[in-house]
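**Student:** here is a sequence together with a model predicted from it:
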Amino acid sequence: MALPTHISLFEVGPRDGLQNEKQVTTADKILLVESLAAAGVKRIEAASFVSPKWVPQMADSGEVLKGISRVAGVRYSALTPNLKGLELALDANASEVAVFAAASEGFSQKNINCSIEESIERFIPLIEKAKEHNLPVRGYVSCVLGCPYDGEIATSEVARVSEILYKLGCYEISLGDTIGVGTPLKARKMVEAVAARVPVDKLALHFHDTYGQALANILASLESGIRTVDTSVAGLGGCPYAKGASGNLASEDLVYMLHGMGIETGIDLHKLIEAGNRISAALGRHSGAKVARALT
Ligand SMILES: CC(C)(COP(=O)([O-])OP(=O)([O-])OC[C@H]1O[C@@H](n2cnc3c(N)ncnc32)[C@H](O)[C@@H]1OP(=O)([O-])[O-])[C@@H](O)C(=O)NCCC(=O)NCCSC(=O)C[C@@](C)(O)CC(=O)[O-]
């Protein structure tokens, strides 16, 4: 398949990133989301309505969503594990929500305290209620290339869970290499196995960069038809239930590569770098994006 002319970035730094960093102020979070939108990012995961006992860093998600000066055409998304999360997301006027399942039983139990099948049962009423409110629902599948608890994961299981979420009404399925263990050929084979059951233009990649493979894995998967990629500005984050995992691939590094290949993103790289440098300063460290360090 030919390489694309445009890739859509789904920015997860304010959620996936900051859920696993030391606490920053609500004002810093709002500024981050606003500066990402000012850089041209159109899809921003800004909040997570999960138990504040499980992930205290996200406890101010309602204030963040309510405090942002919104830009027309930008979608502000929130994670919602259950109906309670959906109600909070509706109250805070999220533009869309996301449910999150896993392709591994071990991770499902550690992350959301239930089995894969129980999580799906939980999502059914959530997706129905979201539809009543015309709220799009995204679906995540974690551990698509390996699990910190269960090890190797069969691509057939990744495809099975992805297809269930898609058929339940998720408009897009984001495939998470939660611990960043994948390598390019394995990533491409996994994408192709899922694409046999869910249209490839409904798939996104969500690759953590723990082993420095994310950029290569994404490049390999672009040739299989992937057109949406989740990234985290400044490479923020990790996962509280996958110890040692790094954040998602840094948005700046992907934008640099794509623009260098003549693939458009609609994002201003310099403004993106500024946004990443600002939140990194608030965290008291340098940006995790190689491109940001090179260009700053
Ligand atoms: C799912 C639960 C809630 C089950 O947690 P539980 O303890 O089994 O559920 P519960 O229903 O018994 O609730 C326990 C307490 O949480 C409260 N609660 C219950 N639900 C909510 C809610 N929505 N918002 C706020 N509070 C909530 C509830 O009210 C109760 O409060 P208490 O009575 O003890 O005071 C919990 O396991 C949880 O919050 N897990 C979230 C873990 C998480 O956020 N993980 C990181 C995100 S996933 C991820 O990063 C992977 C991804 C998506 O990026 C893709 C990838 O990289 O692979």
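**Tutor:** Nice, thanks for sending it over.
**Student:** check contacts around Val144.
**Tutor:** Contact analysis of Val144 by Cβ atoms under 8 Å, 6 or more residues apart in numbering lists 103, 153, 158, 175-178, 182, 190, 194. C-betas here are computed from N, CA, C, even on glycine.
**Student:** nearest to Thr228 among the residues you listed?
**Tutor:** Taking Cβ to Cβ as the measure, Thr228 lies nearest Leu175 of the contacts of Val144, at 10.4 Å.
**Student:** near the ligand, from the contacts of Val144?
**Tutor:** When the contacts of Val144 are filtered against the ligand using Cβ under 6 Å from any ligand atom, the residues retained are 176, 178.
**Student:** quick check, Ser246 in a helix?
**Tutor:** No: Ser246 is assigned coil when assessed by DSSP: H, G, I helix; E, B strand; the rest coil, not a helix.
**Student:** quick one, phi/psi of it?
**Tutor:** Main-chain dihedrals, Ser246, degrees, to the nearest 10: phi -80, psi 180.
**Student:** any idea how far the ligand is from the residue lying closest to it once chain neighbours are set aside?
**Tutor:** The shortest distance from Ser246 to any non-neighbouring residue, by Cβ to Cβ, 6 or more residues apart in numbering, is to Thr210 (4.4 Å). Separation of Thr210 from the ligand (Cβ to the nearest ligand atom, to the nearest Å): 11 Å.
**Student:** thought Thr210 was touching Gly180?
**Tutor:** Yes: using Cβ atoms under 8 Å, Thr210 makes contact with Gly180 at a distance of 3.2 Å.
**Student:** who's more crowded, those two?
**Tutor:** Gly180 (26 against 20; other Cβ atoms under 10 Å).
**Student:** the stretch 51-200 of the chain against the ligand: which residues are in contact?
**Tutor:** Counting by Cβ under 6 Å from any ligand atom, the stretch 51-200 of the chain sits next to the ligand at 51, 53-55, 79, 81-82, 84-85, 88, 100, 111-113, 140, 142, 176, 178.
**Student:** the longest helix seen in the chain: how far from the chain's middle?
**Tutor:** Looking across the chain with DSSP state H, the single longest helix is helix 116-132. Mean-position distance between helix 116-132 and its chain equals 19 Å (Cα atoms, centre = their mean, to the nearest Å).
**Student:** and that helix, what does it pack onto?
**Tutor:** Applying 3 or more Cβ pairs under 8 Å, 6 or more residues apart in numbering; DSSP states H and E, one finds that helix 116-132 makes contact with helix 83-91, strand 96-102, helix 105-112, strand 137-142, helix 155-168.
**Student:** nearest to the ligand: which residue in this structure?
**Tutor:** Among the residues of the chain, Gly176 lies closest to the ligand, at 2.6 Å counting by Cβ to the nearest ligand atom.
**Student:** mind listing what's buried in stretch 247-259?
**Tutor:** Neighbour-count burial for stretch 247-259, counted by 16 or more other Cβ atoms under 10 Å, picks out 247-258.
**Student:** whoops, I mixed them up, stretch 103-122
**Tutor:** For stretch 103-122, by 16+ other Cβ under 10 Å, it's 103-112, 114, 116, 119-120, 122.
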